[in-house]
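Visitor: quick one: sequence and predicted model below, then my questions.
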Amino acid sequence: MPHPRGALTPSRTLSDLTWLRVGGPAEWLFQPADQEDLCTFLGALDPATPVFPMGVGSNLIVRDGGIRGVVIRLGRGFNAIRVEGARVIAGAAALDAHVARRAAEAGVDLTFLRTIPGSIGGAVRMNAGCYGAYVADHLVEARAVTRAGEVVTLLPGDLAFGYRQSHLPEGWVLIEATFAGKASTPEALIAKMEDQIARRDASQPTRERSAGSTFRNPAGFSSTGRADDVHDLKAWKVIDAAGLRGARRGGAQMSEKHPNFLVNTGGASAADLEGLGEEVRKRVFQNSGIELEWEIMRVGEPAPVGGT
Ligand SMILES: Cc1cc2nc3c(=O)[nH]c(=O)nc-3n(C[C@H](O)[C@H](O)[C@H](O)COP(=O)(O)OP(=O)(O)OC[C@H]3O[C@@H](n4cnc5c(N)ncnc54)[C@H](O)[C@@H]3O)c2cc1C
């Protein structure tokens with residue numbers, strides 16, 4: 001292993017770094033001091049060692065056996081936010097909510113980020129969005145460090161955004177993103193965000209341990225068979241229709257408040273959460289013929305047989 005200035009910790013548990021509070025250890029956890037440290041480390045790392053960049057773990061189930069290779073988690077050296085006219089430039093470790101607030105104070109509308117609990121790196125990688133706006137609608141450019149330790153600038157076309165996804169080569173670490181937003185008054189933007197927070201709290205289990213929507217909304221269905229009647233279904237409705245609101249496995253539960261939210265009610269393992277999700281997929285298919293697709297990313301290895 002290279003010897004960076006930042007913290008490089010062997011066998012570091014990841015459960016306290018994820019929203020669901022589950023998961024085994026990273027073989028190595030690297031928290032680079034700054035961009036130069038990250039570049040030097042990646043440049044010196046054996047190219048055969050797997051690299052997994054993580055944000056704040058709000059869209060992850062880390063399996064109980066942990067993650068092989070190096071998990072990279074950006075911190076203080078990567079969380080600066082600055083506003084230049086209608087553009088907001090944010091480090092990848094900055095929280096979406098902080099970026100939205102800072103933009104609003106400067107009269108720039110990035111309010112869609114306010115209720116997404118992740119970091120900017122995770123937001124770009126996942127093309128995060130809500131209330132009809134996505135990262136793809138606002139991203140001007142992003143900067144990333146390649147697996148060889150070089151800094152590159154990526155334009156939206158390079159990231160090939162799709163619904164809750166983007167294309168980023170394996171092991172590349174996003175370090176900064178530049179967004180553009182419409183101009184408005186800080187007062188109007190702050191009121192808009194307060195409204196969004198209230199709507200969230202009314203419909204989602206925002207105070208429980210979850211990773212947001214578990215499954216994507218099934219796309220392209222038609223109740224009449226007509227081509228002009230194609231629409232998306234709501235994942236929570238098909239889960240509810242299969243009688244799975246509140247379904248449990250160990251400490252894992254499909255939320256009573258929002259059946260597409262998988263929650264750790266306390267003491268769940270990653271296997272409980274993923275197992276319940278797979279059971280829901282199976283029973284929804286039996287009930288409606290619809291194949292739900294995971295939106296939560298599941299990463300790492302299952303616990304060794306006979307282990308926890
Ligand atoms: C209560 C709740 C509500 C949510 N609501 C929404 C919502 O409305 N809309 C929405 O889109 N999502 C929502 N989510 C899901 C989640 O917040 C988003 O997907 C978020 O963008 C993930 O960011 P993160 O920093 O937590 O990334 P992580 O979960 O840590 O990682 C997600 C992916 O991003 C990659 N990644 C993270 N940082 C970097 C980086 N620096 N460089 C390269 N890759 C990186 C990881 O490798 C992984 O592939 C919600 C989650 C919760 C818990």
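Guide: Yes, it's here.

Visitor: for the rest of this, base every contact and every neighbour count on C-alpha atoms.
Guide: Will do.

Visitor: any idea how far the ligand is from the residue positioned nearest the centre of the chain?
Guide: For the chain, N59 is the residue whose C-alpha lies nearest the centre (CA atoms, centre = their mean; 3.7 Å). With distances taken as CA to the nearest ligand atom, to the nearest Å, N59 is found 4 Å from the ligand.

Visitor: in contact with that residue, which residues?
Guide: Residues in contact with N59, defined by CA atoms under 8 Å, 6 or more residues apart in numbering, are 19, 118, 211-212, 295-297.

Visitor: continuing past the lowest-mean-pLDDT helix or strand in the chain, what's the next helix or strand?
Guide: Sorting the helices and strands of the chain by mean pLDDT, DSSP states H and E puts strand 129-130 at the bottom, at a mean of 92. Downstream of strand 129-130, the next assigned helix or strand under DSSP states H and E is strand 133-134.

Visitor: who does that next one pair up with?
Guide: strand 129-130 (antiparallel) (DSSP bridges).

Visitor: okay, now the sheet partners of the host helix or strand of I61, with direction.
Guide: Using DSSP H and E, I61 sits in strand 60-62. Here strand 60-62 is paired, per DSSP bridges, with strand 297-299 (parallel).

Visitor: buried sites along the partner strand?
Guide: Within strand 297-299, the residues that count as buried by 16 or more other CA atoms under 10 Å are V299.

Visitor: what about the nearest residue to L159 once chain neighbours are set aside, neighbour count?
Guide: Closest residue in space to L159, ignoring its immediate chain neighbours: H167 at 4.8 Å, by CA to CA, 6 or more residues apart in numbering. H167 is flanked by 15 other residues according to other CA atoms under 10 Å.

Visitor: which SS state does H167 fall under?
Guide: Using DSSP: H, G, I helix; E, B strand; the rest coil, the three-state assignment for H167 comes out as coil.

Visitor: same thing with R281?
Guide: Three-state call for R281 (three-state DSSP): helix.

Visitor: can you tell me which residues in the stretch 101-250 of the chain are near the ligand?
Guide: 116-119, 121-123, 125-126, 128-130, 172-175, 206, 210-212 (CA under 6 Å from any ligand atom).

Visitor: list buried residues within these.
Guide: 116-119, 121-123, 125-126, 128-129, 172-175, 206, 210-212.

Visitor: looking at those, which are in helices?
Guide: 121-123, 125-126 (DSSP state H).

Visitor: all helices of the protein, in order?
Guide: Listed in chain order, the helices found in the chain under DSSP H are 35-44, 96-105, 120-126, 135-138, 156-159, 186-203, 235-241, 270-288.
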